[in-house]
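Q: Would you be able to build a 3D model of this:
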Amino acid sequence: MAKRTLVRAAAVLGAASLALTGCSSDSGDDSASGSDSSASATTVSTDCTPEEAAAAGAPSTAPLKIGTLLPDTGSLSFLGPPMVAGTQLGVNDVNAAGGVLGQPVQLIPGDSGDTTTDTANTTVDRELAAGTQVIIGAASSSVSLKVIDKVSSAGVVMFSPANTSDQFVCYPDKGQYFRTAPTDVLQAQAVSQLISDDGGQRVSILALNDPYGTGLADNIQKNLVDAGIPEDQIQKIIYDPNAQSFNSEVDQVKDFAPDAVAVVGFEESAKIITRMHEVGIGPSDGMKVYGVDGNMGNALGESVAAPLLDGMQGTTPLTDVGPAFQDRLKGINPGLIDFNYAGESYDAVVIASLAAEAAKSTAGRDIAANINNVTEGGTPCTSYQECLPLVQAGTDIDYNGITGKLDFAAAGEPSIGSYGKLKFGADNKLTTEGYIVVGG
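A: Numbers count the residues shown, from 1 in each chain. Next comes the predicted model:
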């Protein structure tokens, strides 16, 4: 568990064009006292020694083929464009710098769909048959869980730019699964810091029942207790995201009379917040309401009548990638208005390419065995063009990417998380008011 917390400069950076994230899902009654209220909530343990890949022993110098497993269709299709653009830009930059092992990287695009279809399995089968050694995706943790066994058993790297569920920390993935999005263990610290800094002393947590929702809710609760809030002053309600109504859950929150409410959800958050306003405890009613990466975005603003979100705050994995990178992404897709996880997608491509160069092999297991090493502990470098000659000279490198310092932990994920501190205005539009960096 990370111990360092640093809040970056809080200058308002202007409207944040953020969409709902695909970090995890596609989507009971209790007394009004500090408690857990849910029907069989999913629990996740992160107490383990993660599996790490070992080199295959049979190096390959075949061209590196990178497939994508990103949402072109389905309930998370709004997430696809920035990740697709970031992946393409990463491949372009790798190839412009000389490719991998002197050969251009080949990109094989593929749709992940969502959990209501078998699109992801169909895409993975096609990409494995095409000889991909790395697959970038999925966006949804639930989709990733549908195909992770197939990908890892094939000795192929699965590299998600957006999965945040804690479930992957200890998943038996043969050391083949990685992500550039920070785990929700870190996001929970950022959300809890927001609540504590605002003086929250009696907190309700509403969370959807899946590994993402319950894991994030558990960690928010733990961090609030660590910050000094008594357990009986925290109410946790786990709900079915597919329910037709959330009146019962919201009414439980009202009866608890909190001074702060955290909503851990996805598109159903619109119904929840609308109901909160109906009973007088919404953001625009003066309640301090906090969201997470699953709901702090333009899609929520468009789904709820203005000004009901006015004052709602929250977090999403976000770094200040700057206008120059955004302009380059628009060169790939001029229609982009959101940039969520574009930097994480770009970095996944660069890291995988550098790992192949370090391994002197494009075999998936060889790449996996070198991914963590190229992100920490060596000579810092910040682009493929800068890092490549160092790797080729045998130098141990520390790639600090578009998303900043990564320092991958043993589970193949950043040990440092940067989160945008977001806030809705009366027009239901977001601004980024600063950054919260946790971990390290």
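Q: buried sites along stretch 113-121?
A: 113-115, 119-120 (16 or more other CB atoms under 10 Å). Quick note: C-beta positions are derived from backbone N, CA and C, even for glycine.
Q: So for it, first residue to last residue, what's the gap.
A: The first residue of stretch 113-121 is 10 Å away from its last residue (CA to CA, to the nearest Å).
Q: Residues contacting it, please?
A: 25-26, 69, 71, 73-76, 111-112, 123, 138, 140, 142-143, 146-147, 150 (CB atoms under 8 Å, 6 or more residues apart in numbering).
Q: Stretch 295-309 too?
A: Applying CB under 8 Å, 6+ apart, the external contacts of stretch 295-309 come out as 17-21, 78, 263, 265-267, 269-270, 273-274, 277, 282-284, 291, 314-316, 337-338, 340, 422, 424-430.
Q: next one: stretch 266-275
A: For stretch 266-275, contacts defined as CB under 8 Å, 6+ apart pick out 20, 25-27, 75, 206, 208, 241-243, 245-247, 249-250, 263, 265, 282-283, 289, 291, 294-295, 299-300, 303-305, 308-309, 312.
Q: Which element, helix or strand, includes the residue nearest to residue 180 when sequence neighbours are not counted?
A: Among residues not flanking residue 180 along the chain, residue 344 sits closest, at 4.0 Å (CB to CB, 6 or more residues apart in numbering). For residue 344, the host element (DSSP states H and E) is helix 342-359.
Q: Mind giving me the packing neighbours of the following helix or strand past that helix?
A: Using DSSP H and E, the next helix or strand after helix 342-359 towards the C-terminus is helix 364-371. On a contact count with 3 or more CB pairs under 8 Å, 6 or more residues apart in numbering; DSSP states H and E, helix 364-371 meets strand 157-160, helix 342-359.
Q: Return the distance of helix 364-371 from the chain's centre.
A: 22 Å (CA atoms, centre = their mean, to the nearest Å).
Q: ok, now stretch 45-56?
A: Distance, centroid of stretch 45-56 to centroid of chain: 20 Å (CA atoms, centre = their mean).
Q: returning to that earlier point: identify those among the contacts of stretch 113-121 that sit within strands.
A: Using DSSP state E, residue 69 are the members of those that sit in strands.
Q: Which ChimeraX command selects the buried ones in the contacts of stretch 113-121?
A: The ChimeraX command for the buried members of the contacts of stretch 113-121 (criterion: 16+ other CB under 10 Å) is given here:
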select :25,26,69,71,74,75,76,111,112,123,138,140,142,143,146,147
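Q: now this structure, which segments are flagged as low pLDDT?
A: Residue ranges of the chain with pLDDT under 70: 1-44, 440.
Q: does residue 310 really touch residue 286, like I thought?
A: No: applying CB atoms under 8 Å, one finds residue 310 not in contact with residue 286, separated by 9.9 Å.
Q: Of the two, which one has the most company?
A: residue 310 (17 against 11; other CB atoms under 10 Å).
Q: quick one: secondary structure of that one?
A: With DSSP: H, G, I helix; E, B strand; the rest coil as the basis, residue 310 sits in coil.
Q: Is there a neighbour count for the residue nearest to residue 292 when sequence neighbours are not counted? I'd like the number.
A: Excluding the flanking residues, the one nearest residue 292 by CB to CB, 6+ apart is residue 264, at 5.3 Å. Number of residues near residue 264 (other CB under 10 Å) recorded here: 31.
Q: and residue 264, how far is that from residue 121?
A: 28 Å (CB to CB, to the nearest Å).
Q: all helices of the stretch 301-440 of the chain, in order?
A: With DSSP state H, counting those that start in this stretch, the ranges of helices along the stretch 301-440 of the chain come out as 322-332, 342-359, 364-371, 384-392.
Q: tell me how far the longest one is from the chain's mean position?
A: Distance of helix 342-359 from its chain centroid, counting by CA atoms, centre = their mean, is 17 Å.
Q: For the nearest residue to residue 45 once chain neighbours are set aside, list the residues it contacts.
A: Nearest residue to residue 45, sequence neighbours excluded (CB to CB, 6+ apart): residue 170, at 6.3 Å. Residue 170 sits next to 45-48, 50, 411 when contact means CB under 8 Å, 6+ apart.
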